[in-house]
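Trainee: Would you be able to build a 3D model of this:
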Amino acid sequence: MKALLGDYPGTAALKRGEIRSDSVRLEFADVRPPSAGFKRVVRDLEFEVAELAITTFLMAKAAGKPLRLLPAVVVGRLQHPLLVYNTERGPLAPRDLAGRRVGVRSYSVTTGMWLRGILAEDHGVDPDRVTWVTFEEAHVAEFRDPPNVERAAPSKDVVAMLLAGEIDAAVVGDGKPADPRLRPLIPDAEAAARAWQRRTGAIQINHMVVVKDSVPRAVADEVSRLLAASIQAAGNPEMNPHGLEANRRNLEVAIDYVHRQRLIPRRYALEELFA
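Mentor: As a prediction, this is how the structure comes out:
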């Protein structure tokens, strides 16, 4: 089966062939980063098995795409440090973002979704009062950006715009840039992230794994078993939980955040996602 799966500690044993199956053979596409293939997952339905951002999956579900979820988190992280600002332009606090411009790769990108929710919930920032400057369209073609989203010129770069003062803050989903002028906007971001985790009882899921509806249940279960074994071999269960119950709270919080931001029309029950 054709598969899209990135290189992470939790996928390493599977991709190296150390975890194998007698009944399922996965042919991994060479797509780096895997997010570059997400449009192919939800628009072209090119892969039987694929890593997919949780926001993209939920939006694809709302658009009627024939995909279902496997209970495997391959990328989970604390997002708080990934909203940065340029200290050279003076102090800036999260509450100051109303009426400001914030860069993000795409409005529907999962890191942006989490950070908008955090800003609203913990800092009283209405995301609708922020102008979100984007650089790509949504992976799900049916989605239309809200009116407070503006597309940057094709030649623009989010970090360069931040350093030039063209935007006030930026979501840097690929990791905090090395430039010392750029610092997390949320004070004590690591501690704030851990406090959020304790309060909600959840981790902030980035990417899980999906299969096409045409994949038989027994085959999907075997792929799920392979992923569980590979994740276990990596030894990082906190950020790569596997199993429906292990991810129930994580998914409930994600669904709530995505729904409150009007990216999906209703809150899905978990059983609908795994169908």
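
Trainee: Residue 201 contacts residue 249, correct?
Mentor: Yes. With contact defined as C-beta atoms under 8 Å, residue 201 reaches residue 249; the gap is 5.1 Å. No exception for glycine: its C-beta is placed from N, CA and C like everyone else's.

Trainee: When the two are compared, which one has more neighbours?
Mentor: Higher neighbour count among residue 201 and residue 249: residue 249, with 14 against 10, using other C-beta atoms under 10 Å.

Trainee: The helix or strand containing that one: what's the following helix or strand?
Mentor: Following DSSP states H and E, one finds residue 249 within helix 244-260. Sequence order places helix 270-274 as the next helix or strand after helix 244-260, per DSSP H and E.

Trainee: and residue 69, what helix or strand is that in?
Mentor: Secondary structure from DSSP H and E places residue 69 in strand 67-76.

Trainee: how about that strand as CSV, C-alpha atoms only?
Mentor: This file holds the C-alpha atoms of strand 67-76, laid out as CSV (Å, rounded to 0.1, in the frame of the first residue of the first chain):
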residue,chain,number,x,y,z
LEU,A,67,-10.7,9.0,5.3
ARG,A,68,-10.7,7.6,8.8
LEU,A,69,-8.4,8.0,11.7
LEU,A,70,-6.0,5.5,13.3
PRO,A,71,-5.3,6.2,17.0
ALA,A,72,-1.6,7.0,16.5
VAL,A,73,0.0,10.3,17.2
VAL,A,74,3.2,10.7,15.2
VAL,A,75,3.8,14.4,16.0
GLY,A,76,2.7,16.0,19.3
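
Trainee: Need the contact partners of the helix holding residue 249.
Mentor: 54-55, 58-59, 71, 73, 76, 113-114, 116-117, 120, 200-205, 208, 241, 264-268, 270, 273-274 (C-beta atoms under 8 Å, 6 or more residues apart in numbering).

Trainee: residue boundaries of the helices in the stretch 1-150 of the chain?
Mentor: 9-15, 38-42, 54-62, 110-123 (DSSP state H, counting those that start in this stretch).

Trainee: Next, format those as a markdown table and append mean pLDDT, distance to residue 173 and mean neighbour count.
Mentor: Below are these laid out as a markdown table (pLDDT from 0 to 100; distance: least, C-beta to C-beta, whole Å; neighbours: other C-beta atoms under 10 Å):
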| stretch | mean pLDDT | distance to residue 173 | mean neighbour count |
| --- | --- | --- | --- |
| helix 9-15 | 97 | 19 | 20 |
| helix 38-42 | 98 | 13 | 22 |
| helix 54-62 | 98 | 12 | 25 |
| helix 110-123 | 98 | 4 | 22 |
